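Asker: A predicted structure for the sequence below; I have some questions about it.
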Amino acid sequence: MSAREEILQRIRTATADVAEKDPILDVPVEWTYGQALQTPDVLADFVEKVEDYKARVVRVAEGDIGSAIVEALAGLQAGSAVLPGGLPEAWVQAVTDAGVEVFRDDPELSHGELNLISAVVTTAAVGMADSGTIALDHGPGQGRRALSLLPDCHVCVVRADQVVSDVPEGIARLAPALRARRPVTWLSGGSATSDIELSRVEGVHGPRHLWVILVD
Amino acid sequence: MTTHERLTPQPPSWKDFPPFPQAVKTELNKAEQRKNLRHATGTIREKRITRAQEVPNWEELRTAAAQIKDRVGRHLGDYLVQAEKAMTDAGITVHWASTAAEANKIVADIAKAKGVNEVVKIKSMVTQEIDLNEALEAEGIAAWETDLAELIVQLGHDLPSHILVPAIHRNRSEVREIFTTEMGTYGAPAPADVSDNPAELTAAARNHLREKFLRSKMAVSGGNFIVAETGTLVIVESEGNGRMCLTLPETLVSVVGIEKLVPTIEDLEVFLKLLPRSSTAERMNPYTSLWTGVTPGDGPQDLHVVLLDNGRTNVLSDPEGRAALRCIRCSACLNVCPVYERVGGHAYGSMYPGPIGAILGPQLRGLENANDRALPYASTLCGACNEVCPVRIPFTDILVHMRHKVAEYKTSKHPTIEQGLMKGAAWVMSDGSHLATVQVASRAAGGIFKNKWIGPMPLPLVDRWVQARDVEAPPTQTFRQWWKNEHEEGKQ
């Protein structure tokens, strides 16, 4: 008998006491999915929670995104940046004009090359205010996963209409991308560890610096 | 000092630990370890309370999580078949392993087929459980731990003592010592002048591991959740070492216990709210990765999942014990446990320490081993674990149930006199006529002793009682006789 058959057989024996065959009737789940929190100011909550992770957050108007990106890269002392396909041309132009060395991942950059680039600039898919979380679904403007991983600084542009109050609403917004088998990455601040004496240290393997541009 | 041709630092073996009651005697004498643990668990306990209280419907979330996990456990076969199909459709190669040895062989065979002699690893309890690193080492494949705490444990020739923070028993100066003496042997050395500041030690680990991330062709992970509906794997982490392993290598093998399923994408909202607040006491852990099969041009193009039983179906077969399979490995029960805080993780003789280890280990492994019979007693039954558990595992109920099973196991091997007496008593009490028969003897004894007190006498068993206590002689008339005389014949 294969391991598969053996395990499934053992499960059938182990759960012989379960009479109701429909899982949903057998164990009802008393939970309303996708609930929003009654947060008075969702955007302010998002800013507060992201800043609590020691990430930088700036709020700008639509027209000022390009200059905000340039300011972020300067603030992070990033001399080079990878700009994924799908970023608005005006942003790319602003970064190029500022004298930052720009990489486009086309043709694809090697991991070694990405490791030497200071920063990455991406858009985002969803922001979740209550936990200060940003989700990427690696669609246009967000790049493949390695792009937002190897450079040490991540500048992330989040639109106000992408920010929801809490995780359940966030999952609801991400569900179509997940069902379409897109990879999804959640970021809550920069990388961190509490492995030495449970004292939190910001910055381990992922980008050590997260700079969020929230577009009102 | 390495005198043999090992690729990775040699760890001790759990088999060398004596059962819990003996092990605690050694562990309790480690003053430094007790201090480290008191500090660390005290800190995390306070933070967890704050983070749980921020969530208005925390108790409802716990109930929902328990119900979702029960739904999965009671219909595990259906959900596994559904998950297998979804993962296969998404381009993942699904393997099944009944035992640790089978799982280890599957991983080693994939590594050999790929021609790699090293893998990078994401911290995973299940690969600790199956002792994958040593199995790979025996096959000439080096497994490099990339989580900071696991790195401290690996380089320290040590064993994990906590589910979430395996090096919780080490303080910063011990970590510095391990890094400066060992790192250089296995890759980029720590800077000679590194201090014991956690930020500097973390930077040394980042530098040490970066070259391993960039050159490795294969990674091994566990998995926090698999969504049965879509075949999505979820890994929750802090440092980004997970993202490195999930993104950069060409091949990724995820070893996942069969109980790790959740039915739908939407169910994740419950667990991703509960888990970080219960484990690291953060609103959200820094990174969560979700992937559904192979994405062309992004990440590993060869994905494998090993679905592992290794005793989980034993746990499932006990309706009173199966709630232990709800566990999402958050470690809140360890941090709140007064026993764990004092004895530390190694005393439990297993990679699953603390309250969850005491209920899960003996169910996974069975009761043949003396330590597994001791673990259900490694608790004061104070119940603090019941209160913090995000999936409402009834720890104390299961501990008492397991103690009962241990007692049954022991008596099935060695019947005791006590058992014989109880069996006799059960026969006597089961029927009035049985009792009357025995009372013929007790009345006869009453007649012999009259109204004298019975003192020390050389009868087996009885002597143990009467050597320190005088006992009144049994009455010559039983209550039943008296009742009959008073109510049924004389007075009617």
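Answerer: The structure has been received and is ready for your questions.

Asker: buried sites along stretch A:30-42?
Answerer: Neighbour counts over stretch A:30-42 (16 or more other C-beta atoms under 10 Å in any protein chain shown) mark A:W31, A:Q35, A:L37, A:V42 as buried. In this view, the C-beta of every residue, glycine as well, is placed from N, C-alpha and C.

Asker: again with stretch B:374-393
Answerer: B:374-376, B:378-379, B:384-386, B:388-393.

Asker: Output the helix or strand hosting B:G446 as PDB - backbone C-alpha positions only.
Answerer: For B:G446, the host element (DSSP states H and E) is helix B:432-449. The C-alpha coordinates for helix B:432-449 follow below in PDB (Å, rounded to 0.1, in the frame of the first residue of the first chain):
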ATOM      1  CA  GLY B 432     -26.600  -7.000  47.200                       C
ATOM      2  CA  SER B 433     -26.200 -10.700  47.300                       C
ATOM      3  CA  HIS B 434     -22.500 -10.400  46.700                       C
ATOM      4  CA  LEU B 435     -22.200  -8.000  49.600                       C
ATOM      5  CA  ALA B 436     -24.300 -10.300  51.900                       C
ATOM      6  CA  THR B 437     -21.800 -13.100  51.100                       C
ATOM      7  CA  VAL B 438     -18.800 -11.000  52.100                       C
ATOM      8  CA  GLN B 439     -20.600  -9.800  55.200                       C
ATOM      9  CA  VAL B 440     -20.900 -13.400  56.500                       C
ATOM     10  CA  ALA B 441     -17.100 -13.200  56.800                       C
ATOM     11  CA  SER B 442     -17.000  -9.800  58.300                       C
ATOM     12  CA  ARG B 443     -19.600 -10.800  60.900                       C
ATOM     13  CA  ALA B 444     -17.600 -13.900  61.700                       C
ATOM     14  CA  ALA B 445     -14.500 -11.700  62.200                       C
ATOM     15  CA  GLY B 446     -16.600  -9.400  64.500                       C
ATOM     16  CA  GLY B 447     -17.500 -12.500  66.500                       C
ATOM     17  CA  ILE B 448     -13.900 -13.400  67.000                       C
ATOM     18  CA  PHE B 449     -12.600 -10.000  68.000                       C
END
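
Asker: B:T476 against B:G446, yeah?
Answerer: Yes. The pair B:T476 / B:G446 is scored as a contact, 4.1 Å apart, by C-beta atoms under 8 Å.

Asker: count of neighbours near the nearest residue to B:P300 once chain neighbours are set aside?
Answerer: Among residues not flanking B:P300 along the chain, B:L252 sits closest, at 4.1 Å (C-beta to C-beta, 6 or more residues apart in numbering or on different chains). Using other C-beta atoms under 10 Å in any protein chain shown, B:L252 has 27 neighbouring residues.

Asker: Give the partner strands of the helix or strand that B:L252 is a member of in its sheet and their orientations.
Answerer: B:L252 is located in strand B:251-257, with elements delineated by DSSP H and E. As defined by DSSP bridges, the strand partners of strand B:251-257 come to strand B:218-221 (parallel), strand B:302-308 (parallel).

Asker: so which of those strands gets nearest A:A16?
Answerer: Of all the strands paired with strand B:251-257, it is strand B:302-308 that lies closest to A:A16, at 21.1 Å by C-beta to C-beta.

Asker: Not counting its own residues, what contacts the helix holding B:G446?
Answerer: Contacts with helix B:432-449, where a contact means C-beta atoms under 8 Å, 6 or more residues apart in numbering or on different chains, come from B:W427, B:V428, B:M429, B:A473, B:P474, B:P475, B:T476, B:Q477, B:T478, B:R480.

Asker: low-scoring stretches of chain B, by residue?
Answerer: Residues of chain B meeting the criterion pLDDT under 70: B:1-4, B:489-492.

Asker: Right, and chain A sits closest to which residue of it?
Answerer: B:G240 (2.6 Å; C-beta to the nearest C-beta).

Asker: Excluding residues flanking it in the chain, which one is nearest the spatially most central residue of chain B?
Answerer: Nearest residue to the geometric centre of chain B (C-alpha atoms, centre = their mean): B:G357, 2.9 Å. Of all residues not flanking B:G357 in the chain, B:Y348 sits nearest, at 4.8 Å (C-beta to C-beta, 6+ apart).

Asker: State the number of residues packed around the one you found.
Answerer: Counted by other C-beta under 10 Å, the residues lying close to B:Y348 total 30.

Asker: isn't it right next to B:L360, touching?
Answerer: No. B:Y348 lies out of contact with B:L360 (C-beta under 8 Å); the separation is 10.7 Å.

Asker: helix, strand or coil for the residue in chain A that chain B sits nearest to?
Answerer: Nearest to chain B in chain A, going by C-beta to the nearest C-beta, is A:G206, at a distance of 2.6 Å. Look at A:G206: counting by DSSP: H, G, I helix; E, B strand; the rest coil, its state is coil.

Asker: Would you mind measuring from it to A:A55?
Answerer: Look at A:G206 and A:A55: by C-beta to C-beta, to the nearest Å, they are 12 Å apart.

Asker: Which of the contacts of helix B:432-449 fall within helices?
Answerer: Judged by DSSP state H, helices contain the following of the contacts of helix B:432-449: B:W427, B:V428, B:M429, B:R480.

Asker: And these, which is closest to A:S80?
Answerer: A:S80 has its nearest neighbour among the ones in helices among the contacts of helix B:432-449 in B:M429, at 86.2 Å by C-beta to C-beta.

Asker: Give me the nearest residue to that closest one, chain neighbours excluded.
Answerer: Leaving aside its sequence neighbours, B:M429 sits nearest to B:L435 (C-beta to C-beta, 6+ apart; 7.0 Å).

Asker: residues near the one you found, how many?
Answerer: Applying other C-beta under 10 Å, we find 15 residues neighbouring B:L435.

Asker: ditto for the one 5 residues further on
Answerer: Residue crowding around B:V440 was assessed by other C-beta under 10 Å; the count is 9.

Asker: Good, wrapping up.
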